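K.L.:
I need the structure of the sequence given here:
(chains A, B, C and D)
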There are 4 protein chains.
Amino acid sequence: METKELEKSFQALNIPKTHATVGISNLIASNKQFRSLFVNRRLPNAGFSDVQIQNLLFLFSILDTNNKTMATGGDGDGEESRWCGVGEREGRVYSSLVAQRHFGLSHGMGRSGDITEPQPKAAGSSALVKLTLLLALDAIRRGSGLNAKGPAASGILLPLCTGMSMSLLLSSLKSSEGSDSNKTIVLWSRIDQKSCFKAISSAGLECVVVPTTIQGDEVVTDVQAMEQALAQYGDKVLAVITTTSCFAPRVPDSVDEIAKLCAKTNVHHVINNAYGLQCPKTCKLINRACVVGRVDAIVCSTDKNFLVPVGGAIILSPHKKVTALVGKVYAGRASSSPIVDLFITLLSMGLNGYTRLLKERQTMLETFPNRLQAVADKHGERILSCPANTISFGMTLDGLARSKRDDESEADYLASVAKEISSFGAMLFSRCVSGTRVVPRGEVKIMGGHDFVGFGSSTANFGHAYMTAACAIGVSTQELDEFFVRLDKTLTEFHTKKNKASAK
Amino acid sequence: METKELEKSFQALNIPKTHATVGISNLIASNKQFRSLFVNRRLPNAGFSDVQIQNLLFLFSILDTNNKTMATGGDGDGEESRWCGVGEREGRVYSSLVAQRHFGLSHGMGRSGDITEPQPKAAGSSALVKLTLLLALDAIRRGSGLNAKGPAASGILLPLCTGMSMSLLLSSLKSSEGSDSNKTIVLWSRIDQKSCFKAISSAGLECVVVPTTIQGDEVVTDVQAMEQALAQYGDKVLAVITTTSCFAPRVPDSVDEIAKLCAKTNVHHVINNAYGLQCPKTCKLINRACVVGRVDAIVCSTDKNFLVPVGGAIILSPHKKVTALVGKVYAGRASSSPIVDLFITLLSMGLNGYTRLLKERQTMLETFPNRLQAVADKHGERILSCPANTISFGMTLDGLARSKRDDESEADYLASVAKEISSFGAMLFSRCVSGTRVVPRGEVKIMGGHDFVGFGSSTANFGHAYMTAACAIGVSTQELDEFFVRLDKTLTEFHTKKNKASAK
Amino acid sequence: METKELEKSFQALNIPKTHATVGISNLIASNKQFRSLFVNRRLPNAGFSDVQIQNLLFLFSILDTNNKTMATGGDGDGEESRWCGVGEREGRVYSSLVAQRHFGLSHGMGRSGDITEPQPKAAGSSALVKLTLLLALDAIRRGSGLNAKGPAASGILLPLCTGMSMSLLLSSLKSSEGSDSNKTIVLWSRIDQKSCFKAISSAGLECVVVPTTIQGDEVVTDVQAMEQALAQYGDKVLAVITTTSCFAPRVPDSVDEIAKLCAKTNVHHVINNAYGLQCPKTCKLINRACVVGRVDAIVCSTDKNFLVPVGGAIILSPHKKVTALVGKVYAGRASSSPIVDLFITLLSMGLNGYTRLLKERQTMLETFPNRLQAVADKHGERILSCPANTISFGMTLDGLARSKRDDESEADYLASVAKEISSFGAMLFSRCVSGTRVVPRGEVKIMGGHDFVGFGSSTANFGHAYMTAACAIGVSTQELDEFFVRLDKTLTEFHTKKNKASAK
Amino acid sequence: METKELEKSFQALNIPKTHATVGISNLIASNKQFRSLFVNRRLPNAGFSDVQIQNLLFLFSILDTNNKTMATGGDGDGEESRWCGVGEREGRVYSSLVAQRHFGLSHGMGRSGDITEPQPKAAGSSALVKLTLLLALDAIRRGSGLNAKGPAASGILLPLCTGMSMSLLLSSLKSSEGSDSNKTIVLWSRIDQKSCFKAISSAGLECVVVPTTIQGDEVVTDVQAMEQALAQYGDKVLAVITTTSCFAPRVPDSVDEIAKLCAKTNVHHVINNAYGLQCPKTCKLINRACVVGRVDAIVCSTDKNFLVPVGGAIILSPHKKVTALVGKVYAGRASSSPIVDLFITLLSMGLNGYTRLLKERQTMLETFPNRLQAVADKHGERILSCPANTISFGMTLDGLARSKRDDESEADYLASVAKEISSFGAMLFSRCVSGTRVVPRGEVKIMGGHDFVGFGSSTANFGHAYMTAACAIGVSTQELDEFFVRLDKTLTEFHTKKNKASAK
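P.N.:
Alright, predicted model coming up:
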């Protein structure tokens, strides 16, 4: 509806001109924001209202074809439906509840050829998906601080988690080498997390785990070991995977150093940055890596960074052809639901809202370590000193275990106390504290035939049992207040119980 | 957004022109429907899709001012909100759930001066309310068949039920007589229903119940009694209230005859037509009444006629000043929620959908009496012959009661069996049959100091105990199938029980 | 579902016991809150989540009968529907969008006999409405501070605005006097607001306006004038209406003094406290009035006090029979939509959320007058000193008008500058400042045949043109910041324009 | 809430016992359905109402942990939140609109180890996903007719389209062979569709296209060619992929014959049955294949078969270990949104609703070919005789092209008229007919280095240009009526235009 037509209608409805003027000025102001969104395709500074967002979503839905629910549409006299569909999939939705939760959008995203390809029947959905990518890139550039001419030069949104996105990315890198290529090895700077490891084998590739090393408390990249591995596996190496968001005491990989190595050896370099967009330090590091060396892609989670439900990822790259190729490897269409969530969320936040969230995290970071240290002090523990990790924090839990008896081997001892220490994690969880990880010393886990000694700490020989807690985007001050109280209480209870048990 | 701008945006988003063309043609088709709605202000023939309806609702919401939820709006940096409100009521809504269910609309309808007056802050809400009235009038004219130059010449929508609407209407008729008027009596052709009776006293008026009379099974208007009452109370009579939708054996009043009397005596004539819009016969009768005599207003329920939740009414009148006056008597603003429901429903139905519902009822009507008769036959009862009532049907229940003993008075007998007969209604309800009414003979109810003998049948001396069931708009064939089965079963059970009891 | 059954199901679904335990403990915690709600029927301290609230609403909906949408229910094979309805209104809802926004609830509230009476078909809706009243009373007692043994002893929720609620209340007071009563006069301590005035005539009563008087800047109750009026009209006086929430310079009536008079003269005393629940001072005053004298009822808006969309009111009374009577006067059922809004909002707030809102207003109150004074100072105006009004604040606008010429009468002068001054209000509104009122001197408005001289200021002879702004519940700091900036700017613009004009 | 507690609450709220009894009997009836769902874990015969479905969804949501929106939760005083989260992902959702559309569910599905593994924090989501699988399997067994002891013995739901699901399945089959296996070839009975072809290469495997053959009009499996291919590639063959839902003139593969071959050669056999669940003939064929030979898995689309938005698939298998393995190959968690859609839809349909849809399609099938033939007759075309394909129908379009000139080669001729014929598809689309495919003769498409001659018809030498239209589940009679009208009109227009052009 154009505003002039509305004016006439208002007149016909006997709405006084002064009222109509106010109303239409509201509409013009809103339309101006819409137009600016479509013209600039950047995240607006101020967030949109829920009313505006829904108005937009239903506009996109109207642009789509055949998006009617069976319950209300088309029955009776044939006049209701402009479109008649005689394909095998015509956007029909049985339940009006389902249609409603998708704002009438039913065609998903992509085509069989490419997940980023527009749908002929669904111009609205197609535009929505493309626009969301641009908004996300803008948030990442202006909010998180990744360079528009560096790591955030291009991107692709996937309705897949980080793991599957990594897998798809590796497949696309593989395919870019040609079908004759014998590059089947991925060098992985050890990070104790299942899905990335699985992503490699899902892509039909072989994972070589490159060990980390310890500096003080920090578990850091063993750049030398990586260099050796690159030399050892030579032409067979398809890519190196590094990680920039991780649990303490592991700290972000030295992606700048690895980037240099990859540039030198002409090997793909992929960064697993699942939830690192919230951290300015990490973003700077990635920026630098792109300047000083080679970075092919950065994989980030949408839910961990932008507070939407689980199920989306964005792959960034300094090179458009990398992200373009990923789209082509995805076989078929996909649900656009995670992208719709991101669209709503980004528009609702606006750049101001997003930066406010980032700032709030920074503010909480200022006191987080000291507060954790205070609890540690009280119970004879200490926090792990990992200044390079500004999201996850560790606190020793050595005091939870009994001392080693002289007559037992170190291995026997560790195995014996591991369960005891682990039970502390369960205690916290049963007290409604979620997200902590309790890591005893010397645990072994076998994944894909590979032994991970010291599983959880990303290194074989970490000298402490410990727990981690994160100061992540979206955490509230009250949650943290509660956390420190409950942590303190639970430690006290644990020790009381232990003392009682040993007194018997 | 104009389509040209969208086209450009689509181009910028790399949506192929052919896709964009299809999408925009969908939008143009939808906009054409919107424009037609705003220009013609008539019910569209084909219903709108839920997507279109919501797009419109959010458009209206954007036209309003200050309609933000507290949860998401305006916090943090002052840029989010175009408006700043420093009044005592600024459309603030605390809960996003609440905002959501009202599509962001929070200003209600009306102003302190008049419930039909537009709100300066809420041009969207105002237009929505006015448009809904026009759609409803159109549905009533072209669907139900009330004449646009007769009873449906003008209307007012109220977020009140029929009773309160009647009360407000009477207040406005009273006020139109001037404050010195001593017209305080309302003549009411007896209909056994509480809310209309209460509406009269709520308006500060006195109700004189004019008895009905019996013709065959039918309880009909006693036109002569009405004539006498008019003569008797003379100048004191403010209005006559007749009823055109009622439970059998009561049939619609002879509103044409009463209209003639009212014209002759210069007395207001108000028709209580709560759920009669679904009945072409009743609508014709009302049309005729407006031609041959005086009808001031017709009160109809929105929920009973248009299948929305309880809480709205439309008052129709051949005279615009009557409906205009009603609006001015309402003190203050009101919730527009029932009007929003009607807006959605009418647009969703379209004229086609509404007439389809009317036709479906007509189709079921063709067999309803025979099917009821079949059950009656089986149990030694008969249906009441009330051909003038085409919505509610009666079946005798005389066989449910024991016979009168010689040694008891008629009154004692009736009182003694009333409970027994009533229990049959409870039996039906406990078998999940709702909406039936079981009426024993000779019950007395006192309302507002007035004795209603034979309460339920609208006459003092109806010769049968009976039950009623309605064949009303929206009933499904399955429901009716079920009803006849359960009615039959319940009658059988009742008799079995009774026989057992009497065998003891 | 009981938790034990869930446990079994979880086992059958291969959910590990530890997960099930956590999930079920979440459910138990939630159920505990639900149980506490049903057992204590008090506002919980902590608000419920939207998930919990909706779970409850759908529970209420399941308790209701026949609440199916036509779109999805009952078609095809007769098995879908437990109930079959053969009445004229069976809770049928055509549009699934409409059903959805009401959580499936379609029966509204009340019965023809009484709006507070439960519906046989709708036990869920009935319970919801009754529970909401108890929650609201609790919020008013523990949050606002009205005494549970005084003004907030009993209450009734109405899906009507304050004006219509006042009208209904007056009708019920009238009816309680018996039909022979000649008590037809209501004494109204002047407050310049349309809907209360109209409420009196809607109820068929006569309004006698009792003038106010001026003390300093404040427009206060003329207790003496009221005493005289009571004496003058004697037995004819049905009730006195006072007001406790109003625009500066009018301050809350001395309801304690009036209460004493009413007690002495045995006259009903009704307090119009539309948005006064947010003000502790006003609540204390009302408490005291109930102790020292007679207060029959207090009428409050739900939307102004609890931030829901327009359309609900609560009438409070120290006497249960007063509120009980109001319910009986309402003719018929009503939409329960405004009550559903209140239910959601109160549960979402919890007592903590509500008191937080009240506190936030108090905090802003601390600086509001000074900030307004600062703007006033800059433009040669001053704020009106009305310490008894802690919601609405006034600032003189005398400087906006040209000076009086010697050759013109005061009346001519005032009439001549009124328009000029009023235009300042329009300027503010066009700059998206809503809620201010600009009141020139000496305006006359005729309502219901009565001349209101000095309309807007509730007194005939207020010595200043002025504007008002409110520091009301729900206002945000950013809004106020914006307001003072825009007010300052607009005043500057106004003067600049005026100077230019006079320079010509 | 237990019903006894509710009863007490009702009493305390002054709800009459009779009302409470009715309400509680409604609740008990609903709970009985819920219990039956949880105990039997089968699709209920009668569908649930939207109210019931949402009540269930919010129950699942309450079972989850940390599912609060940031907008409304936890701010202010620390009491609101039972859980405090200090992980990197704690189910936080920024926008209440987003939280709302997911019913508060935010944890997605699966864990890093396995997409079917339950989430410790999200017992509700986990149960929902597992239950949905069982409902879908039940619908497939009792509705579609796949044997519970055959192809529908086990299943896995994936929030991925059919293509990606096929890819994941192939990866899992590959992994099951061990990492040393050199089985890298997939034999693919030619079907001209991109995503399945891509799925093979995405899984890092090599596709060998096995040609089809022509019998009459039908394009059928070349069983002999397949046998030869199996012999030729021997040990290198990982799997054979056949297809059972396809566009005419291609008919479902002879999966029974291929199953025998695969059994003999010990090769995996995967059936691409994207939208074949709607077809009883196809389901019987698959049942038989499982009896007479080897079938490892059947891949089906959820959106094409169950009318939900795009984005889900179900992989069926006679062998539980096959589907179990697929879950383990998926790297990480995933969006559960497509599964929530399916849950709602299946419960809303019930078995009765689903079988009704299947029957409605069968009914339309009875006349579809004849009606298409009627249009064909009128324009000198004929329908392709492909009785084995009961979903997609073909009609020749040979008359659309000019005749071959003597002086041009067949190839030149075909290339020259292809565009002309294709334009007919665009004409249909621009007349709002979607889903048809127009296939000229002899088109060549290169995919992944492989030439597909005669692309679209799945064979190199199909002798006609033709179009297809489907009679698929969910199509309405009005749509089909419209389709035949528009098809006829468009053909007429096409010929008129062509004649005009040739007349020039």
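
K.L.:
Mind jotting down where the helices sit in the stretch 151-300 of chain A?
P.N.:
A:162-176, A:194-202, A:223-233, A:255-265, A:280-292 (DSSP state H, counting those that start in this stretch).

K.L.:
need the least confident one among these, by mean pLDDT.
P.N.:
Mean pLDDT per stretch puts helix A:194-202 lowest among the helices of the stretch 151-300 of chain A, at a mean of 90.

K.L.:
does A:His379 really touch A:Gly399, like I thought?
P.N.:
Yes - assessed by Cβ atoms under 8 Å, A:His379 is found in contact with A:Gly399 at 6.4 Å. (C-beta placed from N, C-alpha, C; glycine too.)

K.L.:
want to throw the helices of the stretch 151-300 of chain A into JSON lines with distance to chain D and mean neighbour count?
P.N.:
Conversion of the helices of the stretch 151-300 of chain A to JSON lines gives the following (distance: least, Cβ to the nearest Cβ, whole Å; neighbours: other Cβ atoms under 10 Å in any protein chain shown):
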{"stretch": "helix A:162-176", "distance to chain D": "3", "mean neighbour count": "26"}
{"stretch": "helix A:194-202", "distance to chain D": "4", "mean neighbour count": "25"}
{"stretch": "helix A:223-233", "distance to chain D": "16", "mean neighbour count": "16"}
{"stretch": "helix A:255-265", "distance to chain D": "19", "mean neighbour count": "21"}
{"stretch": "helix A:280-292", "distance to chain D": "13", "mean neighbour count": "21"}
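
K.L.:
Just send those back as a markdown table, with distance to chain C too.
P.N.:
A markdown table is the format used below for the helices of the stretch 151-300 of chain A (distance: least, Cβ to the nearest Cβ, whole Å):
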| stretch | distance to chain C |
| --- | --- |
| helix A:162-176 | 21 |
| helix A:194-202 | 17 |
| helix A:223-233 | 38 |
| helix A:255-265 | 36 |
| helix A:280-292 | 26 |
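
K.L.:
would you turn these into TSV with distance to C:Thr492?
P.N.:
Converted to TSV, those look like this (distance: least, Cβ to Cβ, whole Å):
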stretch	distance to C:Thr492
helix A:162-176	55
helix A:194-202	61
helix A:223-233	64
helix A:255-265	55
helix A:280-292	41
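
K.L.:
Show me what the lengthiest strand in chain A is packed up against.
P.N.:
Secondary structure of chain A read by DSSP state E shows that its longest strand is strand A:237-243. Packing partners of strand A:237-243 (3 or more Cβ pairs under 8 Å, 6 or more residues apart in numbering or on different chains; DSSP states H and E): helix A:162-176, strand A:185-189, helix A:194-202, helix A:223-233, helix A:255-265, strand A:268-272.

K.L.:
Give me the sheet partners of it and which way each runs.
P.N.:
strand A:185-189 (parallel), strand A:268-272 (parallel) (DSSP bridges).

K.L.:
If I take it and helix A:255-265, what angle do their directions form?
P.N.:
170 degrees (axes from the mean of the first three to the mean of the last three Cα atoms, to 10 degrees).

K.L.:
Report the inter-axis angle for strand A:237-243 versus helix A:223-233.
P.N.:
Using the same axes, to 10 degrees, strand A:237-243 lies at 160 degrees relative to helix A:223-233.

K.L.:
Only C-alpha atoms, please: export strand A:237-243 in PDB.
P.N.:
Provided in PDB are the C-alpha atoms of strand A:237-243 (Å, rounded to 0.1, in the frame of the first residue of the first chain):
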ATOM      1  CA  VAL A 237      48.000 -32.600   3.600                       C
ATOM      2  CA  LEU A 238      44.700 -31.100   2.500                       C
ATOM      3  CA  ALA A 239      44.300 -28.700   5.400                       C
ATOM      4  CA  VAL A 240      45.300 -27.600   8.800                       C
ATOM      5  CA  ILE A 241      42.500 -27.000  11.400                       C
ATOM      6  CA  THR A 242      43.200 -24.700  14.300                       C
ATOM      7  CA  THR A 243      40.800 -23.600  17.000                       C
END
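
K.L.:
Output stretch A:13-29 as PDB - backbone C-alpha positions only.
P.N.:
Extracted C-alpha coordinates of stretch A:13-29, given in PDB (Å, rounded to 0.1, in the frame of the first residue of the first chain):
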ATOM      1  CA  LEU A  13     -13.100   5.900   6.800                       C
ATOM      2  CA  ASN A  14     -13.600   9.300   8.400                       C
ATOM      3  CA  ILE A  15     -10.300   9.200  10.200                       C
ATOM      4  CA  PRO A  16      -9.500  12.900  10.800                       C
ATOM      5  CA  LYS A  17      -6.600  14.200   8.700                       C
ATOM      6  CA  THR A  18      -4.500  15.000  11.700                       C
ATOM      7  CA  HIS A  19      -4.700  11.400  13.000                       C
ATOM      8  CA  ALA A  20      -4.000  10.100   9.600                       C
ATOM      9  CA  THR A  21      -1.000  12.300   9.300                       C
ATOM     10  CA  VAL A  22       0.500  11.000  12.500                       C
ATOM     11  CA  GLY A  23      -0.200   7.400  11.500                       C
ATOM     12  CA  ILE A  24       1.200   7.800   8.100                       C
ATOM     13  CA  SER A  25       4.300   9.500   9.500                       C
ATOM     14  CA  ASN A  26       4.800   6.400  11.600                       C
ATOM     15  CA  LEU A  27       4.400   4.300   8.500                       C
ATOM     16  CA  ILE A  28       6.800   6.500   6.600                       C
ATOM     17  CA  ALA A  29       9.400   6.300   9.300                       C
END
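
K.L.:
got a list of contacts for it?
P.N.:
Stretch A:13-29 is contacted from outside by A:3, A:6-7, A:10-11, B:41, B:59, B:62-65, B:82, B:118-124, B:126-127, B:130-131, B:134, C:426, C:429-430, using Cβ atoms under 8 Å, 6 or more residues apart in numbering or on different chains.

K.L.:
now A:Lys419, what's its secondary structure?
P.N.:
helix (DSSP: H, G, I helix; E, B strand; the rest coil).

K.L.:
For A:Glu381, see how far away it is.
P.N.:
A:Lys419 is 19 Å from A:Glu381, where distance means Cβ to Cβ, to the nearest Å.

K.L.:
which of those two has more neighbours?
P.N.:
For A:Lys419 versus A:Glu381, the count of surrounding residues by other Cβ atoms under 10 Å in any protein chain shown is larger for A:Glu381: 22 against 9.

K.L.:
which residues does that one contact?
P.N.:
A:395-399.

K.L.:
Just give me the closest of those to C:Asn305.
P.N.:
Closest approach to C:Asn305 among the contacts of A:Glu381 (Cβ to Cβ): A:Met395, at 47.5 Å.

K.L.:
packing partners for whichever strand or helix holds the closest one?
P.N.:
A:Met395 is part of strand A:392-396 when elements are defined by DSSP states H and E. Judged by 3+ Cβ pairs under 8 Å, 6+ apart, strand A:392-396 is in contact with helix A:337-378, strand A:466-470.

K.L.:
tell me the most buried of the ones you listed?
P.N.:
Neighbour counts (mean count of other Cβ atoms under 10 Å in any protein chain shown) averaged over each of the helices and strands packed on strand A:392-396 peak at strand A:466-470, with a mean of 26.

K.L.:
one step back: can you tell me what sits against the strand holding A:Met395?
P.N.:
With contact meaning Cβ under 8 Å, 6+ apart, strand A:392-396 is reached by A:217, A:246-249, A:368-369, A:372, A:375-376, A:381-384, A:386, A:464-471, D:88.

K.L.:
With stretch A:348-366 instead?
P.N.:
A:43-48, A:50, A:53, A:138-139, A:142-144, A:278, A:280, A:306-307, A:346, A:390, A:471-475, A:477, A:480, B:72, B:76-77, B:79-80, D:94-95, D:97.
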